[in-house]
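Trainee: Fold the following, please.
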Amino acid sequence: MADRAGPLKGQDLYYVLDENNVAVPCDPSDAEAVLASRDKRRVGKDEGAGWMVSTVFLAIDHQYSSGLPPLLFETMVFMTSEDGQRADPEPVNDEHKLHESCWRYTTWEEARAGHAAVTRAVRMLYEGTPDQKAAASSVIALGDIHDLIEASAMLQEQLP
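Mentor: Below you'll find the model as predicted:
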């Protein structure tokens, strides 16, 4: 297994998912194979009118604080054009300033819950009634993913 150099020396850097979607440390070459395959990395992908939420396994630990669990999964929001393509570099409709917003997680289960929460909130922001949009805006403003997941669960009842 490959260790990090520098301030996080001794912590594993590269991971693969086992048959139960549990991240296990690995050698860099094994992680490279995972990175080359979108299918093996995809936790979730949802799209709506002008937006996409994507959650993937990163295979490389993105935790840069010593002593904390690895951050191996990531949810991002992308604004899309009318033809469904990512709107780079400047999104067409990003009134809520969500383009390339990011949340990270340690486990597959957290990533699935986070993906569902972000998707619900984004769907309501862009497709909901004015009351739903206001509620979703408050939920998205919660920077902590665990708070967002909890608050988003309450939004579920408001979805059509």
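Trainee: List the residues that contact the residue sitting nearest the centre point of the chain.
Mentor: Closest residue to the average C-alpha location of the chain: Thr75 at 0.9 Å, with CA atoms, centre = their mean. Shown in contact with Thr75 (CB atoms under 8 Å, 6 or more residues apart in numbering): Gly44, Val53, Ser54, Thr55, Cys102, Trp103, Arg104, Tyr105, Ala111, Gly114, His115, Val118. Heads up, the C-betas are built off the backbone N, CA and C, glycines and all.
Trainee: Tell me the helix or strand right after the strand or helix carrying the fourth one.
Mentor: Translated: Thr55. Assigned by DSSP states H and E, Thr55 belongs to strand 51-57. The element immediately downstream of strand 51-57 (helix or strand, assigned by DSSP H and E) is strand 73-79.
Trainee: quick one: average pLDDT of that next one?
Mentor: For strand 73-79, the mean pLDDT works out to 90.
Trainee: Each with direction, which strands does that strand pair with?
Mentor: Strand pairing for strand 73-79, determined by DSSP bridges: strand 51-57 (antiparallel), strand 101-105 (antiparallel).
Trainee: before we move on, the earlier item: need the contacts of Thr75 in CSV with distance to Asp27, can you?
Mentor: Output for the contacts of Thr75, formatted as CSV (distance: CB to CB, whole Å):
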residue, distance to Asp27
Gly44, 27
Val53, 31
Ser54, 27
Thr55, 25
Cys102, 27
Trp103, 28
Arg104, 23
Tyr105, 23
Ala111, 23
Gly114, 28
His115, 28
Val118, 32
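Trainee: among those residues, who's most crowded?
Mentor: In terms of neighbours by other CB atoms under 10 Å, these top out with Val118 at 28 neighbours.
Trainee: pLDDT score for it?
Mentor: For Val118, the pLDDT comes out at 89.
Trainee: cool, and Ala31?
Mentor: 86.
Trainee: what bridges to the closest residue to it other than its chain neighbours?
Mentor: Closest residue in space to Ala31, ignoring its immediate chain neighbours: Tyr14 at 3.8 Å, by CB to CB, 6 or more residues apart in numbering. In this entry, Tyr14 is beta-bridged to Ile60, by DSSP bridges.
Trainee: ok, now which ones touch Tyr14?
Mentor: Contacts of Tyr14 by CB under 8 Å, 6+ apart are Met1, Ala2, Pro25, Cys26, Asp27, Pro28, Asp30, Ala31, Ala59, Ile60, Asp61.
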